[in-house]
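Engineer: Have a look at this prediction, sequence included:
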Amino acid sequence: MRRLLPAIATIMLLAACSKTPGYVISEGKMAEIMADIHTGEAVVDAKSSAFRTDSAKQTFLQSICMRHGITTQQLDTSLYWYGNHLEAYIKVYDKTVSILEDRIAEAEKAGGKSSNRLNTVSLDGDSINLWNGPTVVRNTTDLPSEFLTFNFSTDKNWERGDRYTVSARPVNPRTPLFITIAVSYNDGTAEYVTMNQGSEGKKSLTLVLDSAKVATSVYGSIHFSPSKGNVSYLDSISVVRTRGRNDNVAARKGQQTVKLR
């Protein structure tokens, strides 16, 4: 199913941090909304029979927006702004992760079980596909979200210098495929890499972790917006983690760094 969690839209990669204008949802509120949407995804996946239609999923998203006193149009506008201000987006994403972690801790104290969508991914091996969503998605302008997102927190199987490769194959595309991968480190910095390509055929993007730093989370998005009246697909979606190689320094040259605090 299509991910509802907001992510990075068509980015113009501004290095400086910008204050949010009045028409954009504030960072704190945006983080709360993103956390609710992320939690909502787990509900939709757990009860897929109740959300078989696109209209049901859209209604679910609208209910989250109503809870926060906003419209889906305001959410889309804010997503676009944050997508064009990556440093602000990463700050919001870090706040979102913190909110979700607090909710998991509260649920576990109460004796509940947290969704595996929110748990730490713990998989061993030199080459592991971490993607836990559908490998094929259908894109139309009727769907409530145009983003597929992922988020992985550190676990015992992480190693410095790990590589994360996002791949997907557009079918019948009318707009470019946009992929973003980012990593946050415990020193308050983050790195990211982006790709924006059109046409059919397999597309892949790789982020190489800094072997001199300790990563706390890897996250990103796949964005593929169909044109009006067009139906397209993303096939063979994957997020593969591989162990570092000797050319990690050279491979990281195209990655951008931002300071989060």
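Structural biologist: Arrived safely. Note that the structure is a prediction, hence the values are computed from the model and not measured.
Engineer: Let me see the contact set for Asp187.
Structural biologist: Lys213, Val214 (C-beta atoms under 8 Å, 6 or more residues apart in numbering). Every C-beta, even on glycine, is put in place using the N, C-alpha and C of the backbone.
Engineer: Over to the one 3 residues further on?
Structural biologist: Taking C-beta under 8 Å, 6+ apart as the contact definition, Ala190 lies against Ile90, Ala182, Val183, Ser184, Thr257, Val258, Leu260.
Engineer: State the distance from the fifth one to Thr39.
Structural biologist: Meaning Thr257. Noted for Thr257: a distance of 31 Å to Thr39, by C-beta to C-beta, to the nearest Å.
Engineer: who has more neighbours, these two?
Structural biologist: Each of Thr257 and Thr39 has its neighbours counted (other C-beta atoms under 10 Å); Thr39 has more, 19 against 12.
Engineer: okay, the more buried one: pLDDT?
Structural biologist: Here, the pLDDT recorded for Thr39 equals 72.
Engineer: which one's the longest strand in the chain?
Structural biologist: strand 232-242 (DSSP state E).
Engineer: now that one, how far from the centre of its chain.
Structural biologist: Counting by C-alpha atoms, centre = their mean, to the nearest Å, strand 232-242 is centred 13 Å from the centre of its parent chain.
Engineer: ditto for stretch 181-198
Structural biologist: 11 Å.
Engineer: Please save the CA atoms from that stretch in PDB.
Structural biologist: What follows is stretch 181-198, C-alpha atoms only, in PDB (Å, rounded to 0.1, in the frame of the first residue of the first chain):
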ATOM      1  CA  ILE A 181      18.200   9.100   1.500                       C
ATOM      2  CA  ALA A 182      19.400  10.800   4.700                       C
ATOM      3  CA  VAL A 183      21.300   9.700   7.800                       C
ATOM      4  CA  SER A 184      21.400  11.400  11.200                       C
ATOM      5  CA  TYR A 185      24.600  11.100  13.400                       C
ATOM      6  CA  ASN A 186      24.900  11.500  17.100                       C
ATOM      7  CA  ASP A 187      27.100  14.600  16.700                       C
ATOM      8  CA  GLY A 188      24.100  16.600  15.500                       C
ATOM      9  CA  THR A 189      24.900  16.400  11.800                       C
ATOM     10  CA  ALA A 190      23.100  14.700   8.900                       C
ATOM     11  CA  GLU A 191      24.000  13.700   5.400                       C
ATOM     12  CA  TYR A 192      21.700  13.200   2.400                       C
ATOM     13  CA  VAL A 193      21.800  12.400  -1.200                       C
ATOM     14  CA  THR A 194      19.100  12.800  -3.900                       C
ATOM     15  CA  MET A 195      18.200  11.600  -7.400                       C
ATOM     16  CA  ASN A 196      15.700  13.000  -9.900                       C
ATOM     17  CA  GLN A 197      15.400  11.000 -13.100                       C
ATOM     18  CA  GLY A 198      12.700  10.400 -15.600                       C
END
